[in-house]
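Enquirer: Need coordinates for the following:
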Amino acid sequence: MNNLSKLLLLCFVLTFSLNITAQKNKAAWLDGTWRGTGFQLNNSRSWSIRFTADVKNKTYEIDYGTLGCSGNWRFISANDHLAQFEETITDGMMKCGNGGIIIITKIDKKFITFSYFVPGSGKLDSFSTLEKAEN
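Expert: Numbering: from 1, shown residues only. Model (predicted):
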């Protein structure tokens with residue numbers, strides 16, 4: 001690999017890395033624990049939700065309390081008002097779907113919305129408004 005190719009590759013890697021870091025910094029509004037009640041569109045069921053975001057350590061944990069399942073979210077992208085994740089259920093896998101896309105939208109410092117989209121179809125499956133828990 002010649003020097004020009006190496007330089008171009010280095011520039012690409014740095015640009016990509018800086019973009020991911022900038023997106024994660026834009027998700028700082030999401031930091032903390034959020035609670036609410038989820039609503040299932042196809043059967044009108046509801047359940048408790050607790051979402052914990054630790055943006056600095058890049059951990060995003062979800063607990064669907066009364067459904068009996070929990071897991072984590074893989075960060076995909078964010079801006080100042082919206083964050084996107086892919087869900088992996090790690091506990092209670094037979095009780096909840098896996099691999100869904102989650103869109104979190106900022107309402108204000110105290111409230112966010114949660115929207116769950118079915119993997120593959122992109123169909124909205126469930127939603128909620130979550131309130132930031134007091135620390």
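Enquirer: what's the neighbour count on the closest residue to Ile89 other than its chain neighbours?
Expert: Distances taken as C-beta to C-beta, 6 or more residues apart in numbering put Gly71 closest to Ile89, at 4.1 Å, once the chain neighbours are dropped. Where you see a C-beta, it was placed from the backbone N, CA and C, and this is true even at glycine. Neighbour count of Gly71, defined by other C-beta atoms under 10 Å: 18.
Enquirer: Assign Gly71 to helix, strand or coil.
Expert: Here Gly71 takes the strand state, with states given by DSSP: H, G, I helix; E, B strand; the rest coil.
Enquirer: Next, the contact list for it, please.
Expert: Going by C-beta atoms under 8 Å, 6 or more residues apart in numbering, Gly71 touches 61-62, 87-91, 96, 98.
Enquirer: before we move on, what about Lys132?
Expert: Here Lys132 is in contact with 32-34, 109-112 (C-beta under 8 Å, 6+ apart).
Enquirer: how far away is it from Gly71?
Expert: Per C-beta to C-beta, to the nearest Å, Lys132 is found 21 Å from Gly71.
Enquirer: And the residue nearest the centre of this structure?
Expert: For the chain, the residue nearest the mean C-alpha position is Phe85 (3.6 Å; C-alpha atoms, centre = their mean).
Enquirer: so it is in which element?
Expert: strand 82-91 (DSSP states H and E).
Enquirer: on that earlier part again, of the contacts of Gly71, which is the most crowded?
Expert: Tallying neighbours with other C-beta under 10 Å puts Ile62 at the head of the contacts of Gly71, with 24 neighbours.
Enquirer: what's the helix or strand for it?
Expert: Short version, using DSSP H and E: Ile62 is in strand 59-64.
Enquirer: Just give me the neighbour total for the nearest residue to the residue nearest to the centre of the chain once chain neighbours are set aside.
Expert: Spatial nearest neighbour of Phe85, excluding adjacent residues (C-beta to C-beta, 6+ apart): Trp73 at 3.6 Å. When neighbours are counted by other C-beta under 10 Å, Trp73 registers 21.
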